[in-house]
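J.: build the 3D model from these lines:
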Amino acid sequence: MRLAAGFGEICVNYETLLCEMKEQVARVTLNRPQVLHALNAAVFDELESVFMTLAADVEVRVILLTGMGEKAFAAGADISELTGLSAAEGEAKARRGQEVFRLIETCGKPVIACINGFALGGGCELAMACTMRLASETARMGQPEVKLGLVPGYGGTQRLPRLVGRPMALKLLLTGEMIGAAEALRIGLVEEVVPADRLMERAEALARTMVGMAPLAVAGCMEAVRWGSELGLDAALDVEAEIFGRLCGTEDKAEGTKAFLEKRSAVWVGR
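T.: Presented below is the predicted three-dimensional model:
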């Protein structure tokens, strides 16, 4: 499925989100403003579809993920879908969310969460599944599931400790506390905080920097770091060496080293 050019031009027709493309950067925007982009089954289906499409498109180098407007990135799960769930149905729902968020996390391309307003519950979990997180000064984040008699089901109990450390993660999980952008930055839940009117501008600037790098090397860095968080050090170092060797056999490595010696900009081909 090809993507149209130019932010503001819808490239794929979805009911719950928008997808746009400009100069190798895709922007995916959650679009259920009437419920602050709450995550329901339709949203999961369409997130899966769009990220599979973007992952397979060689023209897409970086993906921005945000929510329509300034009120919310995603306010959480759609509570109306949770009230009548049985134990078996609840587990299936959690596994479905985990599956989609894992797809985002492992799609092989940098995904920048642009957090504009509330990112609570499933919305916070969605942000944590992204490669990095930028927050507007008005962002509010948290995992309030304990207030519903639940735990986070889409990876929050696992990704949050990896980002902020076990004690801080437990504090947020056990209190259901909602924190602001400055505190999220302090504890490492987000990487940058910017004024709300500069959020997408800054995200696009970061994306442009990444687009200028060798695409296979970018993917290799993400792969190595991901395995490093899931393996012991010795096994992770083996993975790093394998990826380094793999890249040494690419056209991009030959071009990059040649361009450096010739003091010119490299032209990447992704091979």
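J.: quick one: low-confidence parts of the stretch 151-271 of the chain?
T.: The stretch 151-271 of the chain contains no residues with pLDDT under 70.
J.: those helices in it, which residues are they?
T.: Using DSSP state H, counting those that start in this stretch, the helices of the stretch 151-271 of the chain run over 156-164, 166-175, 181-187, 199-211, 215-230, 233-248, 251-261.
J.: and what of the stretch 1-150 of the chain?
T.: Under DSSP H, counting those that start in this stretch, the stretch 1-150 of the chain gives helices at 41-56, 87-105, 122-128.
J.: most packed of the ones you listed?
T.: Most buried of those by mean neighbour count (mean count of other C-beta atoms under 10 Å) is helix 122-128; its value is a mean of 29. From N, CA and C alone the C-beta is placed, and that goes for glycine too.
J.: what about residue 188, how many neighbours?
T.: If you count neighbours by other C-beta atoms under 10 Å, residue 188 ends up with 13.
J.: quick check: nearest residue in space to it, chain neighbours excluded?
T.: The shortest distance from residue 188 to any residue other than its chain neighbours is 5.1 Å, reached at residue 164 (C-beta to C-beta, 6 or more residues apart in numbering).
J.: how does the chain divide up, domain by domain?
T.: As recorded under automatic domain parsing, the domains making up the chain are 17-211, 215-261.
J.: got those domains as CSV, with distance to residue 268 columns?
T.: Formatted as CSV, the domains of the chain follow (distance: least, C-beta to C-beta, whole Å):
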stretch, distance to residue 268
domain 17-211, 9
domain 215-261, 5
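J.: hmm, back to that, so the residue nearest to residue 188 versus residue 223, what's the distance?
T.: Residue 164 is 23 Å from residue 223, where distance means C-beta to C-beta, to the nearest Å.
J.: same thing with residue 112?
T.: To residue 223, residue 112 is 18 Å away according to C-beta to C-beta.
J.: the two: which has the busier surroundings?
T.: Comparing residue 112 with residue 223 by other C-beta under 10 Å, the one with more neighbours is residue 112, at 25 against 17.
J.: residue contacts, that one?
T.: Applying C-beta atoms under 8 Å, 6 or more residues apart in numbering, we find residue 112 in contact with 62-65, 130-134, 203, 206-207.
J.: out of those, which is nearest to residue 270?
T.: When those are compared for distance to residue 270 (C-beta to C-beta), residue 62 wins out at 13.5 Å.
J.: pretty sure that closest one sits against residue 109.
T.: Yes - look at residue 62 against residue 109 with C-beta atoms under 8 Å: they come within range, at 6.3 Å.
J.: tell me which of the two has more neighbours.
T.: Between residue 62 and residue 109, counted using other C-beta under 10 Å, the more crowded position is residue 62 (26 against 20).
J.: for that one, list each beta-bridge partner.
T.: residue 25 (DSSP bridges).
J.: is residue 134 in a bridge, and if so with what?
T.: residue 114, residue 192.
J.: residue 223 contacts residue 244, correct?
T.: No - taking contacts as C-beta under 8 Å, residue 223 lies outside contact range of residue 244: 11.3 Å.
J.: which residue, other than its chain neighbours, is closest to residue 253?
T.: For residue 253, the spatially nearest residue (C-beta to C-beta, 6+ apart) is residue 247, at 5.4 Å.
J.: what about that neighbour, how many residues nearby?
T.: By the measure other C-beta under 10 Å, the count of residues near residue 247 is 17.
J.: picking that back up, residue contacts, the residue nearest to residue 188?
T.: 172, 187-189.
J.: biggest separation within those, which pair?
T.: 172 and 188 (12.0 Å).
J.: next one: the nearest residue to residue 37 once chain neighbours are set aside from residue 271, what distance?
T.: Take residue 37 and drop its neighbours on the chain: the residue closest to it by C-beta to C-beta, 6+ apart is residue 30, 4.0 Å away. Distance from residue 30 to residue 271, counting by C-beta to C-beta: 34 Å.
J.: between those two, which has more neighbouring residues?
T.: Using other C-beta under 10 Å as the criterion, residue 30 and residue 271 rank with residue 30 on top: 26 against 9.
J.: the more buried one is in contact with residue 69, isn't it?
T.: No - using C-beta under 8 Å, residue 30 is not in contact with residue 69, being 9.9 Å away.
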